[in-house]
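Visitor: any chance you could fold what I've pasted below:
(one chain, ligands or ions: 1)
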Amino acid sequence: MNIIVVENEQVGGREGYKVFEQALANGANVFGLATGSTPVTIYENIVASDLDFSEKTSINLDEYQGLAGTHEQSYRYFMDEHLFNKKPFKETFVPNGLAEDPEAEAKRYDQVIADHPIDMQILGIGQNGHIGFNEPGTSFDITTHLVDLAESTIEANARFFADKNDVPRRAYSMGIGSIMKSKQILLVAYGESKADAIAGMIEGPVTEEMPASVLQRHDNVTVLIDKAAASKLSQKFDVKA
Ligand code: GLP
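Guide: Residues are numbered from 1 along each chain as shown. Here you go, the predicted model:
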């Protein structure tokens, strides 16, 4: 893993942007995208740039079940607001939170991924080590599926909702098996609350109890973290300011 430690998320935004810029220069066509607070500064840098995605495809990692794309807390809405409305793509895919048949929706999304192999995937990480919404205990081979969210994930995401009871309890997630097929992965994390997950992911055993640890088996991973998220690693790094 190529590990970049930055002073803060502003610097992280610039460094993450450079990874996208390089991927584009290398001919990447399909971008796996993520939501959450972490990628926001990277998306801000992309929006402010003259990079052209108008012939590119994006495939998002996950979506809450039960939320329409027009709901302010849906991941479709998040992506439209933070990126797509300001930086148009040729086509953008997000699971349909309102799909009536979850199994058919998971199949449909797997077909989308099969038809558009992902060149570069950006990932955040949950405090419990989840990637996408693949919670601890999920098979490394799984493809798109409907997830019962961990209580800790519901609590962590409650900050975006008026009331914790409003947080959907299920979500569609791209599977770890599909994430691992992307040619290149950029995992980003900021803050002390992610330090244990980052240490487990990089220095711990590869185990389904720590979903992100599977990335040790991928040969093209960049980990972009701030000092706080790096604080529990045994190795020491130069910090980019
Ligand atoms: C959610 C998303 C993940 C994201 C994680 C971390 O659970 N499903 O894709 O990586 O939260 O979010 P944040 O970046 O806000 O800390």
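Visitor: any part of the lowest-mean-pLDDT helix or strand in the chain near the ligand?
Guide: Sorting the helices and strands of the chain by mean pLDDT, DSSP states H and E puts helix 151-157 at the bottom, at a mean of 93. Yes. Residues of helix 151-157 are located near the ligand by C-beta under 6 Å from any ligand atom, namely 153, 157. Quick note: C-beta positions are derived from backbone N, CA and C, even for glycine.
Visitor: same check, this time on stretch 39-50
Guide: No. With C-beta under 6 Å from any ligand atom as the criterion, the ligand is not reached by stretch 39-50; the gap is at least 7.0 Å.
Visitor: show me which residues of the chain sit near the ligand.
Guide: Contact residues (C-beta under 6 Å from any ligand atom) of the chain with the ligand: 34-38, 61-62, 124-126, 132-133, 153, 157.
Visitor: if you set the cut-off to 8 Å instead, what comes out?
Guide: Contact residues, the chain versus the ligand (C-beta under 8 Å from any ligand atom): 34-39, 61-62, 75, 123-127, 130-133, 149, 153, 156-157, 171, 173, 188-191, 193-194.
Visitor: out of those, which are inside helices?
Guide: In helices, judged by DSSP state H, the following of the residues of the chain next to the ligand are found: 75, 153, 156-157.
Visitor: those: which two are farthest apart?
Guide: Spatially, the most separated pair among these is Tyr75 and Ala156, at 15.0 Å (C-beta to C-beta).
Visitor: okay, these two: which has more neighbours?
Guide: Each of Tyr75 and Ala156 had its neighbours counted (other C-beta atoms under 10 Å), and the higher figure belongs to Tyr75 (25 against 18).
Visitor: pretty sure that one is touching Gln65, no?
Guide: No. Counting by C-beta atoms under 8 Å, Tyr75 sits too far from Gln65 to count as a contact (11.2 Å).
Visitor: which residue is the nearest non-sequential neighbour of the residue nearest to the spatial centre of the chain?
Guide: Among the residues of the chain, the one closest to the centroid is Leu123, at 2.9 Å (C-alpha atoms, centre = their mean). Leaving aside its sequence neighbours, Leu123 sits nearest to Leu187 (C-beta to C-beta, 6 or more residues apart in numbering; 4.4 Å).
Visitor: in contact with the one you found: list those residues for me.
Guide: Leu187 is in contact with 122-125, 131, 201, 212, 215, 221-224, counting by C-beta atoms under 8 Å, 6 or more residues apart in numbering.
Visitor: quickly list what it is bridged to.
Guide: Leu123, Val223 (DSSP bridges).
Visitor: report pLDDT for it.
Guide: If you check Leu187, the pLDDT there is 98.
Visitor: next one: it from Ala104, what distance?
Guide: With the distance defined as C-beta to C-beta, to the nearest Å, Leu187 ends up 30 Å from Ala104.
Visitor: what's the neighbour count on Val206?
Guide: Using other C-beta under 10 Å, Val206 has 13 neighbouring residues.
Visitor: can you pull the contacts of the residue lying closest to it once chain neighbours are set aside?
Guide: Spatially, and ignoring its direct neighbours in sequence, Val206 is nearest to Ser213 (4.7 Å; C-beta to C-beta, 6+ apart). Applying C-beta under 8 Å, 6+ apart to Ser213 gives the contacts 129, 200-201, 204-207.
Visitor: nearest to Ala48 among these?
Guide: Comparing the contacts of Ser213 against Ala48 with C-beta to C-beta places Met201 closest, at 29.9 Å.
Visitor: quick one, phi/psi of that closest one?
Guide: phi -60, psi -40 (degrees, to the nearest 10).
Visitor: is the residue nearest to it when sequence neighbours are not counted part of a helix or strand, or is it coil?
Guide: Nearest in space to Met201, with sequence neighbours left out and distances taken as C-beta to C-beta, 6+ apart, is Ala212 at 3.9 Å. Put simply, Ala212 is helix when judged by DSSP: H, G, I helix; E, B strand; the rest coil.
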